[in-house]
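Trainee: Need the 3D shape of this:
(2 chains)
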2 protein chains.
Amino acid sequence: MLDYEPDLDKVFHALADPGRRLMLERLSRGPASVSELGRPLSMSLAAALQHVQVLEACALIRSSKQGRTRTCSINPAVLRRAEDWIADRRTVVERRLDRLGEYLAETADQ
Amino acid sequence: MLDYEPDLDKVFHALADPGRRLMLERLSRGPASVSELGRPLSMSLAAALQHVQVLEACALIRSSKQGRTRTCSINPAVLRRAEDWIADRRTVVERRLDRLGEYLAETADQ
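Mentor: From the prediction side, this is the model:
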């Protein structure tokens, strides 16, 4: 029961770091090299590469190397998967609370 | 720059554990005690309480104690906040890819 949707563990873990979220924010606007991703975070290339590897391991981004430059791009399908998990839960909660509200309003009317 | 939206670090960290996601899934259907949350995970009460504390620290859930029973309920506003962060990024990506697709289609026409 514990291992349903196993990739989401890695996806949410990747999203839990503010530097990685900033990298995703940058990549949402277009592909970028690892050093471009690290620069606004005042990060060494090695540190930036580690974060890139975490993002790539859960398929939130893809990367390819040409010469000495690794270029990264975002994978919206995986963002959508994480978003859907949260949205599905939230919808169930909100529908339940709506029904509860209606029930209480009816009870108050009677 | 690193500490924008600081709560999201904790929220995504909380979501990165499959047991905690299962607890949220249960709580989306209605309030539950800590022991009810731990039972399907074959978890001790102490282990379940630790997960509950992680969920409560980032306000994904709230809890209150009556006698010896702590009852938990989900907070959809915080789910929404995490969902919105992801959806905002995804929307930017998809709009960009749509524009790129249109550009490529126009270029192919010419």
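Trainee: Whichever helix in chain A runs longest versus helix B:76-109: what angle between them?
Mentor: With secondary structure taken from DSSP state H, chain A has its longest helix at helix A:76-109. Relative orientation of helix A:76-109 with respect to helix B:76-109: 140 degrees, computed using axes from the mean of the first three to the mean of the last three CA atoms, to 10 degrees.
Trainee: Excluding chain neighbours, what is closest to A:R90?
Mentor: Closest residue in space to A:R90, ignoring its immediate chain neighbours: B:L79 at 4.3 Å, by CB to CB, 6 or more residues apart in numbering or on different chains. Any C-beta I mention is one placed from the backbone N, CA and C, and that applies to glycine too.
Trainee: Which residues in the worst-scoring helix or strand of chain A on mean pLDDT does the neighbour count mark as buried?
Mentor: Lowest on mean pLDDT, DSSP states H and E among the helices and strands of chain A sits helix A:76-109, with a mean of 92. Going by neighbour count (16 or more other CB atoms under 10 Å in any protein chain shown), the buried part of helix A:76-109 is A:76, A:78-83, A:85-87, A:89-90, A:92-93.
Trainee: In JSON lines, list those residues along with distance to B:A59.
Mentor: Shown next, in JSON lines, are the buried residues of helix A:76-109 (distance: CB to CB, whole Å):
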{"residue": "A:P76", "distance to B:A59": "28"}
{"residue": "A:V78", "distance to B:A59": "25"}
{"residue": "A:L79", "distance to B:A59": "23"}
{"residue": "A:R80", "distance to B:A59": "25"}
{"residue": "A:R81", "distance to B:A59": "24"}
{"residue": "A:A82", "distance to B:A59": "19"}
{"residue": "A:E83", "distance to B:A59": "19"}
{"residue": "A:W85", "distance to B:A59": "18"}
{"residue": "A:I86", "distance to B:A59": "14"}
{"residue": "A:A87", "distance to B:A59": "18"}
{"residue": "A:R89", "distance to B:A59": "15"}
{"residue": "A:R90", "distance to B:A59": "14"}
{"residue": "A:V92", "distance to B:A59": "18"}
{"residue": "A:V93", "distance to B:A59": "14"}
